[in-house]
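A.B. asks: Here is my input; please provide its structure:
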Amino acid sequence: MTSIFAGRFAAHTEEPFVLFLIGMRVNNLWAVRRWVPTLTAMLDMLKELDAKPELGVMGSSVYFFPPTAMVVQYWRSFEHLESFARNPDGLHIPAWKRFYHEVGKSDVVGVYHETYLVEPGKYEAVYLNMPRFGLGQAVAHVPATGRLLTARRRLGSENLPALEVHG
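C.D. replies: Below you'll find the model as predicted:
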């Protein structure tokens with residue numbers, strides 16, 4: 001059973017990190033033999049990354065919302081991510097070549113990724129009565145008190161204009 005942390009918690013790190021979203025979309029459900037290898041390759045790469053934390057992944061979560069699957073990853077640096085993607089001894093290059101050769105020129109399955117470089121103080125995350133989740137799994141998970149109490153403070157943005165609330 002997942003432990004619930006009662007109260008307000010924040011994700012906190014003073015280090016830059018990379019938010020990487022990668023996934024696939026099944027465009028033809030009936031072409032199972034064409035898209036299952038892509039899904040299997042994604043899951044195999046996640047196992048590889050789990051087994052080798054030195055590759056730089058700080059945390060990952062997998063989400064399925066048919067017809068799309070998405071992996072949310074937090075990496076120590078872009079260099080770690082790029083090194084994984086270009087490693088000739090890892091699973092990524094053979095999987096990409098296989099995908100491109102067997103599926104990449106058809107529209108049976110689509111793949112995507114988005115990469116965001118995040119600097120300290122340029123993110124905020126809060127969790128209320130939640131297990132460790134998202135960024136809170138990848139970095140320190142601490143009580144949301146003091147300078148972590150509000151979104152504005154977590155962002156270090158005390159100088160942002162105040163939100164006007166109209167009733």
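
A.B. asks: Let me see the contact set for the closest residue to Arg86 other than its chain neighbours.
C.D. replies: What sits nearest to Arg86 in space, not counting adjacent residues and going by Cβ to Cβ, 6 or more residues apart in numbering, is Ile93, at 7.2 Å. C-betas here are computed from N, CA, C, even on glycine. Applying Cβ atoms under 8 Å, 6 or more residues apart in numbering, we find Ile93 in contact with 85-87.

A.B. asks: residue boundaries of the strands in the chain?
C.D. replies: Listed in chain order, the strands found in the chain under DSSP state E are 5-12, 17-26, 57-65, 68-75, 109-118, 126-130, 140-143.

A.B. asks: Can you get me a residue count around Lys52?
C.D. replies: Using other Cβ atoms under 10 Å, Lys52 has 12 neighbouring residues.

A.B. asks: Report the separation between it and Met24.
C.D. replies: Distance of Lys52 to Met24, given as Cβ to Cβ, to the nearest Å: 23 Å.

A.B. asks: Check Pro67 too.
C.D. replies: From Pro67 to Met24 the distance is 9 Å (Cβ to Cβ).

A.B. asks: Check Ala151 too.
C.D. replies: Counting by Cβ to Cβ - Ala151 and Met24 are separated by 32 Å.
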